[in-house]
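# sequence plus the predicted model coming up.
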Amino acid sequence: RRKVELLGRGARLQETHLRDVGRAVDAYRAILDIDPTDASAVVELDRLYRAQSQWYELTELSWAQIARATADPGQAATQIALRMQLAEVLETKLQDLPGAIEQYETVLRLPGGAAQALPPLERLVIHEEHRQRIADLLEPEYRRADEWRKLVVIRDVQLSYVEDAARRVELLREIAELHRARGGDLQLAFRALAKAWQANPTDHAVFAQLTALAGDIGAWDELVRALEEGVADVYAPDLLAEVRARIAEIHETRRDDPAAAIAAWRKVLEAADDDAMALSALDRLLASCRRFPELVEIIERRAELADDAGVRLVLLYRVATIQEEELHDLPAAIAAYKHVLDIDETDLQALDALARLYRQREEWNELVEVVARRIALTDNAADRRQLRLVAADVYDRRLRDPLEAIARLSEQLGEQPGDGEVLAQLDRLFQQERMWSELVECLDQRALIERQPLARAELGFRAARVVEAELVDVDAAVPRYGGVLALAGEGRQQDEGDER
């Protein structure tokens with residue numbers, strides 16, 4: 001005993017003062033050579049082996065302890081603890097799953113060992129290469145304990161070996177019924193049914209059963225996940241579109257999640273980009289969520305696919321309105337109105353909208369082009385007059401093109417001779433551009449419609465001066481001056497009469 005004590009003191013000295021773990025281990029091993037039952041040496045060796053990750057040495061130590069415990073029938077509990085420790089090292093440190101399972105199996109057969117061995121065996125059942133062996137170990141234990149829930153797990157294990165879709169659906173529906181009828185656990189029944197549908201996404205009967213159960217337990221989130229997982233590896237466009245449409249409807253009507261519904265409908269379009277139901281739903285949802293950039297894309301796509309020209313026009317008008325009023329993107333609104341005109345070049349509403357937007361953006365060349373088209377389509381004379389005046393003003397003040405302004409005003413004068421406002425503008429432009437002959441003619445026309453003699457005299461005098469000074473035609477100017485004098489005399493007489 002004295003030697004054991006000295007070896008113990010030496011081991012502690014080697015470890016704590018000399019930092020020589022190897023010599024400390026040798027000392028403890030020497031103690032066990034003297035007394036294999038020395039609990040203190042066993043504990044210390046266990047600790048040092050674990051600290052140094054000496055797993056093989058640790059298993060050797062465990063086997064020695066197990067051998068001693070096995071020899072004594074009264075140490076069943078000790079044997080269980082030792083074998084569980086050994087199994088843990090084999091499993092987690094040495095990755096020796098067959099060895100670990102063997103230890104768990106031995107523990108399972110020891111009195112009171114089931115409670116210890118079942119949890120790790122249940123955990124290890126996920127390893128395919130050992131699944132069947134573990135299932136064979138667990139099944140009689142579950143039956144003995146009437147653990148019907150865990151019997152379901154064994155059925156799950158069987159599923160791992162079944163490839164036929166119809167058979168898998170059958171097994172999973174059985175499992176679902178066990179959960180529902182035996183356990184009253186609708187959540188687990190739902191999960192089993194979800195797997196059954198995933199095994200065959202075309203099975204409408206299972207889908208109906210699954211949807212009804214989701215409604216019973218409010219498992220809409222879980223249903224969505226199940227459906228998404230079920231088509232994750234599906235490449236049939238029709239089936240993808242059908243399932244994703246169901247997902248979208250659940251998001252909108254059951255989960256009240258329009259954003260998720262929008263995302264789901266977009267996935268429908270990935271499978272079928274002309275799906276009318278998906279486009280219509282996205283139109284409605286994006287509008288209600290005020291997601292205008294995305295909404296514009298959808299409406300434009302609907303317009304592309306519309307067979308009826310009237311429907312296309314309505315959709316394009318919506319695009320234009322959104323671009324202008326919601327997104328404040330005037331170039332995009334202009335483009336939308338142009339698309340309207342591509343369909344119906346006589347659409348007056350689109351032309352008026354373009355005129356308004358071009359004026360707002362000061363795109364004057366485009367404005368006068370649209371105004372010209374508008375004039376050609378207008379039956380009302382007053383409207384044509386107003387449009388020509390607008391065009392003339394833009395040419396004159398914005399585009400610095402007085403000749404085009406004169407042309408527009410002349411068109412109006414040709415349609416409505418004697419228009420005083422038009423003649424006054426032409427008077428200014430002709431004088432500005434030194435178009436003397438045209439100015440004389442314009443002044444003569446203004447004089448013809450002027451009622452006041454003195455005002456007519458002033459216009460006549462201006463015309464005479466142009467003829468004399470600019471056209472250098474004195475002979476023609478003389479009678480004009482004579483006419484001016486006559487008008488002046490008439491005007492004075494009228495003034496005197498008014499005074500009396």
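Ah, there it is. Residues are numbered from 1 along each chain as shown.

# other SSEs contacting the helix or strand hosting Gln431?
Element membership for Gln431, per DSSP states H and E: helix 420-432. If you count contacts as 3 or more Cβ pairs under 8 Å, 6 or more residues apart in numbering; DSSP states H and E, helix 420-432 packs onto helix 381-393, helix 402-415, helix 436-449. Using the backbone N, CA and C atoms, a C-beta is placed for each residue, glycine as well.

# just put those in TSV and tack on mean neighbour count, mean pLDDT and distance to His339.
Converted to TSV, those look like this (neighbours: other Cβ atoms under 10 Å; pLDDT from 0 to 100; distance: least, Cβ to Cβ, whole Å):
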stretch	mean neighbour count	mean pLDDT	distance to His339
helix 381-393	18	96	23
helix 402-415	18	96	28
helix 436-449	18	96	42
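
# the ones you listed: which one's closest to Ala181?
Nearest of the helices and strands packed on helix 420-432 to Ala181, taken as Cβ to Cβ: helix 381-393 at 80.0 Å.

# tell me the angle the closest one makes with helix 402-415.
Interaxial angle, helix 381-393 versus helix 402-415 (axes from the mean of the first three to the mean of the last three Cα atoms, to 10 degrees): 160 degrees.

# circling back: what residues of the helix holding Gln431 count as buried?
Within helix 420-432, the residues that count as buried by 16 or more other Cβ atoms under 10 Å are Val422, Leu423, Gln425, Leu426, Asp427, Leu429, Phe430, Gln431.

# could you check how far Glu294 is from Ala353?
Glu294 sits 23 Å away from Ala353, going by Cβ to Cβ, to the nearest Å.

# likewise Glu44?
For Glu44, the distance to Ala353 (Cβ to Cβ) stands at 92 Å.

# try Gln431
Separation of Gln431 from Ala353 (Cβ to Cβ): 37 Å.

# host element of the closest residue to Leu58 other than its chain neighbours?
In space, not counting the residues next to it along the chain, Leu58 is nearest to Tyr49; the distance is 4.0 Å by Cβ to Cβ, 6 or more residues apart in numbering. Assigned by DSSP H and E, Tyr49 falls within helix 39-51.

# C-alpha coordinates for that helix, PDB please?
Only the C-alpha atoms of helix 39-51 are listed here, as PDB (Å, rounded to 0.1, in the frame of the first residue of the first chain):
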ATOM      1  CA  ALA A  39     -10.700   3.900  -8.000                       C
ATOM      2  CA  SER A  40      -8.600   7.000  -7.600                       C
ATOM      3  CA  ALA A  41      -6.000   5.800 -10.200                       C
ATOM      4  CA  VAL A  42      -8.900   4.900 -12.600                       C
ATOM      5  CA  VAL A  43     -10.500   8.400 -12.200                       C
ATOM      6  CA  GLU A  44      -7.100  10.100 -12.800                       C
ATOM      7  CA  LEU A  45      -6.300   8.100 -15.800                       C
ATOM      8  CA  ASP A  46      -9.700   8.700 -17.300                       C
ATOM      9  CA  ARG A  47      -9.200  12.400 -16.800                       C
ATOM     10  CA  LEU A  48      -5.700  12.500 -18.300                       C
ATOM     11  CA  TYR A  49      -6.600  10.300 -21.200                       C
ATOM     12  CA  ARG A  50      -9.600  12.600 -22.000                       C
ATOM     13  CA  ALA A  51      -7.500  15.700 -21.600                       C
END
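
# got the contact list for it?
Here helix 39-51 makes contact (Cβ atoms under 8 Å, 6 or more residues apart in numbering) with 8, 11, 15, 21, 24-25, 28-29, 31-32, 35, 54-55, 57-58, 61, 65.

# mind giving me the ChimeraX select for those residues, buried ones only?
For the buried members of the contacts of helix 39-51, the matching ChimeraX selection, counting by 16+ other Cβ under 10 Å, is:
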select :8,11,15,24,25,28,31,32,54,55,58,61,65
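
# pLDDT on the helix holding Gln431, on average?
Per-residue pLDDT values over helix 420-432 give a mean of 96.

# and the angle for that helix with helix 381-393?
Counting by the same axes, to 10 degrees, helix 420-432 points 20 degrees away from the direction of helix 381-393.

# still on that earlier bit, more crowded one of Glu294 and Ala353?
Ala353 (21 against 14; other Cβ atoms under 10 Å).

# follow-up on the earlier one: now the helices and strands packed on helix 420-432 in CSV, with distance to Val370?
Below are the helices and strands packed on helix 420-432 laid out as CSV (distance: least, Cβ to Cβ, whole Å):
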stretch, distance to Val370
helix 381-393, 10
helix 402-415, 14
helix 436-449, 28
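
# residue ranges for the helices of the stretch 151-300 of the chain, please.
Applying DSSP state H, counting those that start in this stretch to the stretch 151-300 of the chain gives helices spanning 165-177, 186-199, 204-217, 220-230, 237-249, 258-271, 276-288, 292-305.

# only alpha carbons, please: show the fourth one as PDB.
What follows is the C-alpha trace of helix 220-230 in PDB, where atoms were taken according to Å, rounded to 0.1, in the frame of the first residue of the first chain:
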ATOM      1  CA  TRP A 220     -51.000  27.100 -43.100                       C
ATOM      2  CA  ASP A 221     -47.300  28.000 -42.600                       C
ATOM      3  CA  GLU A 222     -46.400  24.300 -42.400                       C
ATOM      4  CA  LEU A 223     -48.600  23.500 -45.400                       C
ATOM      5  CA  VAL A 224     -46.800  26.200 -47.500                       C
ATOM      6  CA  ARG A 225     -43.400  24.700 -46.500                       C
ATOM      7  CA  ALA A 226     -44.600  21.200 -47.400                       C
ATOM      8  CA  LEU A 227     -45.800  22.300 -50.800                       C
ATOM      9  CA  GLU A 228     -42.600  24.200 -51.500                       C
ATOM     10  CA  GLU A 229     -40.500  21.200 -50.500                       C
ATOM     11  CA  GLY A 230     -42.700  19.000 -52.600                       C
END
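
# quick one: it to helix 258-271, angle?
On the basis of the same axes, to 10 degrees, helix 220-230 is oriented at 20 degrees to helix 258-271.

# returning to that earlier point: show residues contacting the helix holding Gln431.
For helix 420-432, the external contacting residues (Cβ under 8 Å, 6+ apart) are 389, 392, 396, 402, 405-406, 409-410, 412-413, 416, 435-436, 438-439, 442-443, 445-446, 449.
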